[in-house]
Structures are given as structure tokens and as C-alpha cells.
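> Any chance you could fold what I've pasted below:
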Amino acid sequence: MRASRHNGRAGKNGSYNPKHNDREFNVDLSEDINEEMTPYNVYWNCIDRIPVRHMDRDEHWHSFTEVEKGFYALLYKDYLEGQNARHIASRHKERCRTMDDLRTNKMTCPEETVYQIGNIDGTVDYGVLLEVAAEFFNTIQERYGEHVHILNWSLHLDETTPHIHERHVFDVINKYGERQPKQEQALKEMGFELPDPNKKQGKFNNRKMSFDAECRKLFLEICHKHGLQIEEEPIYGGKQYLEKKEFIIEKLNANYKELQEKFQKMDAMYSEAIAENEKLTAINEKLEVKIEDMESLVKEVSEIAYDKACETIVDEIVDRVRTEDNDEIEKYKRWISSEKCKAPSKVKPLIIKHLDGVNDLLTRVRDRVIDKIKTSLKSIEKKTELTNQVVDAARPSIVERLKKRQAEIDSIERKTSKRNIREEEIR
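As a prediction, this is how the structure comes out:
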């Protein structure tokens, strides 16, 4: 089982909105959320400072948005006013910002971290996750509380796998004596060094990487302390970092490619039809040898077998492929439409329409291939070629059958002849 810890500040739509975490929106509109489990979500914020379930919130409870606005107004008011005054003094009034600008700018907004143990295939009891996370948060506050402030966290039980969203902000006291949100300087004052001190600080060499490594180590230690067997080798990049829409589209393309590969197997199934054709030569063993022209008999039986194969085997294979393809696509469409699929509701119709297009494409291509196969099989050249193959394969068994039958006839005739001779002698 793996324990995951992922950070982020902003996405395609700007800085992350805390309303997702405390469900301050209409959950009816979200396909990803199981409304029956939402009442059991657990929330905590730095103002109320007590965990509360979604169902137990009252009029005194503070939303995460209110908490973060209040926190920024309380701690960073002096910095914002001082900085704006300095901008005005330097004749750069256009650089002045509001408190909301400070709170939502991707450089000074809260950072959000998601904690999860296990995945959809297997996870721990949410109570264990809550205990591990609470101990981890308390330890972080004890060690780094001067520069790292946990604003709020939420335990979500209404999505696929239990997980925790936690939001925090880094800050320092600047040279003017003002408390200022500033991550890298805060980490430096906390004692974290660059991963590679010999290289220049940058995207792939910064103190935040050292801090995250320390947090991961601490999180795993607490997991082990609670008796959890956790894989310690980290995984970076990959699908974990794709946005949900991108992941869904990538998965859809992969399934489309799989359908294309399956359709290509029809060429191999054509060879299977020829093999089935050869099996039909077994019916020759049930025919009684009533004529002396062996070549005519073999050719007649082979033509019967060939025509039978063209009529039944090809159609059977085609029906089997058509049914399998349709079932696979319909099955995937049902999954897309179900609550199990976590794709946004606006994306689902596009995916289903895309699948219908795939099905139509497969049908047209399949029909063209089938027509080509049947035309090829019915052509005089192909029929002659394949019938001759059957004749060549069937001839030895027919000859053997004829010899055996002829031997039986000869034996009967000899016995009959001897009996007739003895009767004549007796008379």
C-alpha cells in the first residue's frame, strides 16, 4: 500500500478554491461526489480549532473561505499597507494590491496538500487516516509553527477513496518588521537547504523540495508507528499529476486504440476460417463410397465443404466480432454514464458521442473488410485455389478409405466364391 502526499497552489482556473474542501457549493451538480456520504465529512479550521462533521455545522461555524480571509487580514494587513505605501512613494501606484489579490495570487496564496493512504483498490479505515494526519499536522506545527500556519483541513468520505485536503501558508518577518507571506525565505529560516547546494536555485533545485522530502519522511514514520505497511519508494510524475479531464481523455484514447487493435485481429480470424474449412473435410469419412471415380468424389466433397464454410463460418465469425465490439463499447458507455465514472457531467456526453463515432467507424470498416473477404472467397480463382488445397488434403484419407472398403469387398467376394465352390462339389 502507498501513502501519497501531493502539493499545489493553482491550476488552469487560478489558485485553488477552498470551497471545494468544505463543500460550500451545490454538490448536486458534481458527478464526483456521493451526496449520501457528504454529511460524514470532517472539517477543521484555525479559528474554531475543533473537528466537526459536515452534518454538525451550525450558524457559528466558519467556512474555509471566511477563515482564510480573516487570517490574511489579521496577519498580513501591516505588510500589505506598508508595501502599497512603498509603491506609492516610488511612483508605482499601479503595483498596489488588495488583500484578496494577496490571498489569491499564486505566489502568496495558501498551498494545498492532499493526503491519502491506499487507493480505489484498497485503503485504510478513515479513522486511521485521520489519526495519522492529525499527529502529522501537530508535529509540523510544533517544529515549524513560526513560519508554517495550517489554515484548515477536511477529510472527504464522499469521493472514491478517503483523503484529506490541508491548506497552509508560509511567512517571514521582513526587514520592515512586517509579517509577509514568502515561502522560500521562510524555508530558509526554518533551516532547509537546497537539495544540491552546488547548483543554482531553480525549479528543480529549491528548498521546498527539501521540505517536502522531510514531510514525506515524517508522514511515513507516523504511518509505520500506527502499524501500516507502506511502500517507501516514491513515485513522481505520471497520471497522478494529470488534471481529471486530461486523464479521462487519455484513458478514452487508450480504449479506442485497444478497439482498433481488436478489429485488426480480423485478418487473423480469416486464417481461422480457412482452418475451420479444413475441419469440414471430416464429413468425408461419413460418406459411403458409391462411385468409382475417386477424383470426382473428392472434388465434389471439397466443394461442398468450401461452400459450407463460406456460408456459415465467415458469418459466424463476423457475428461474434460484431457482438463483442458492440458489447465492449456499450459496457464502456454504461460505465461513463454511471456514478462510478468520475468524469465531470459536461464531459460525459462528449465521451459517449465519441464512442458512438468509434462504433460507427468500426462498423463501416468491418463491413468493408467482410465484403472483401466474401468477394475474395467467392471468386473463381480463390475458390479453385482453396478447393484444390482441400482436395490435396482430403485425397489421402479418401484413398485409404477406398482401399479399405475395396479390401472388405474382396474378402467378402473370396468367401462367397469359396462357399459356392464347396456347394458345387457337394452337389
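> switch to C-alpha atoms for all contacts and neighbour counts from now on
Noted.
> quick one: least confident helix or strand in the protein?
Lowest on mean pLDDT, DSSP states H and E among the helices and strands of the chain sits helix 244-264, with a mean of 56.
> So residue 146 versus residue 140, what's the distance?
Distance, residue 146 to residue 140, using C-alpha to C-alpha, to the nearest Å: 10 Å.
> in which helix or strand would I find residue 388?
For residue 388, the host element (DSSP states H and E) is helix 380-426.
> low-scoring stretches of the stretch 101-250 of the chain, by residue?
Low-confidence segments of the stretch 101-250 of the chain (pLDDT under 70): 234-250.
> As a check, name the ranges of all strands in it.
Assigned by DSSP state E, counting those that start in this stretch, the stretch 101-250 of the chain shows strands spanning 111-119, 122-123, 148-156, 163-173, 179-181.
> Out of these, flag the one nearest residue 351.
Closest to residue 351 of these is strand 111-119 (C-alpha to C-alpha; 24.6 Å).
> Kindly compare burial across the strands of the stretch 101-250 of the chain and name the winner.
Among the strands of the stretch 101-250 of the chain, strand 148-156 has the highest mean neighbour count (mean count of other C-alpha atoms under 10 Å), at a mean of 24.
> returning to that earlier point: can you put the strands of the stretch 101-250 of the chain in TSV and add distance to residue 372?
What follows is the strands of the stretch 101-250 of the chain, written out as TSV (distance: least, C-alpha to C-alpha, whole Å):
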stretch	distance to residue 372
strand 111-119	48
strand 122-123	49
strand 148-156	56
strand 163-173	55
strand 179-181	70
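> Now do the SS call for residue 363.
Judged by DSSP: H, G, I helix; E, B strand; the rest coil, the three-state class of residue 363 is helix.
> Can you give me every residue that contacts it?
By C-alpha atoms under 8 Å, 6 or more residues apart in numbering, the contact set of residue 363 is residue 322.
> so how far is residue 7 from it?
Going from residue 363 to residue 7 by C-alpha to C-alpha gives 45 Å.
> Residue 185 now?
Distance, residue 185 to residue 7, using C-alpha to C-alpha: 18 Å.
> just residue 178 next, same as before
Counting by C-alpha to C-alpha, the gap from residue 178 to residue 7 is 27 Å.
> Over to residue 261?
38 Å.
> and if you look at residue 346?
The gap separating residue 346 from residue 7 is 27 Å, by C-alpha to C-alpha.
> who's more crowded, those two?
The residue with more neighbours, out of residue 346 and residue 7, is residue 7; 15 against 10, by other C-alpha atoms under 10 Å.
> shouldn't that one be in contact with residue 111?
Yes. Using C-alpha atoms under 8 Å, residue 7 is in contact with residue 111, at 6.9 Å.
> so where is the stretch 251-400 of the chain shaky, pLDDT-wise?
In the stretch 251-400 of the chain, residues with pLDDT under 70: 251-260, 262-316, 318, 321, 374, 376-380, 382-383, 386-387, 390-399.
> burial measure for the nearest residue to residue 190 once chain neighbours are set aside, as a count.
Of all residues beyond its chain neighbours, the one nearest residue 190 is residue 144 (6.8 Å), with distances taken as C-alpha to C-alpha, 6 or more residues apart in numbering. Neighbour count for residue 144, taken as other C-alpha under 10 Å: 16.
> I'd say residue 144 and residue 188 touch.
No. Taking contacts as C-alpha under 8 Å, residue 144 lies outside contact range of residue 188: 11.6 Å.
> now what about stretch 67-78, what contacts it?
Stretch 67-78 is contacted from outside by 45-47, 99-100, 103, 151, 178-181, using C-alpha under 8 Å, 6+ apart.
> quick one: which of those is nearest residue 16?
residue 103 (10.8 Å).
> Report the separation between the closest one and residue 345.
For residue 103, the distance to residue 345 - C-alpha to C-alpha - is 30 Å.
> residues contacting residue 53?
Contacts of residue 53 (C-alpha under 8 Å, 6+ apart): 39-43.
> Excluding chain neighbours, what is closest to it?
residue 42 (4.4 Å).
> Is that neighbour bridged to anything, and to what?
With DSSP bridges as the criterion, residue 42 is bridged to residue 53, residue 155.
> Between residue 103 and residue 345, which has more neighbouring residues?
For residue 103 versus residue 345, neighbours defined as other C-alpha under 10 Å are more numerous around residue 103 (21 against 15).
> neighbours around the closest residue to the more buried one other than its chain neighbours, how many?
In space, residue 103 comes closest to residue 109 once its chain neighbours are excluded; the distance is 4.7 Å by C-alpha to C-alpha, 6+ apart. If you count neighbours by other C-alpha under 10 Å, residue 109 ends up with 24.
> Am I right that residue 109 is in contact with residue 151?
No. When contacts are counted by C-alpha under 8 Å, residue 109 is not listed as touching residue 151 (11.5 Å).
> which neighbours do the two share?
Common neighbours of residue 109 and residue 151 are listed as residue 169 (criterion: C-alpha under 8 Å, 6+ apart).
> In a helix, residue 6, correct?
No. Under the criterion used here (three-state DSSP), residue 6 is strand, not part of a helix.
> If you tally nearby residues, what's the number for it?
For residue 6, using other C-alpha under 10 Å, the count is 15.
> Identify the residues contacting it.
113-115 are the contacts of residue 6 under C-alpha under 8 Å, 6+ apart.
> returning to that earlier point: for residue 86, which of the strands of the stretch 101-250 of the chain is the nearest?
Using C-alpha to C-alpha, the nearest of those to residue 86 is strand 179-181, at 14.5 Å.
> what sits up against the closest one?
Here strand 179-181 has contacts from 75-76, 78-79, 108, 169-174, using C-alpha under 8 Å, 6+ apart.
> Which one of these is nearest to residue 356?
When the contacts of strand 179-181 are compared against residue 356 (criterion: C-alpha to C-alpha), the nearest one is residue 108, at 45.9 Å.
> Good, wrapping up.
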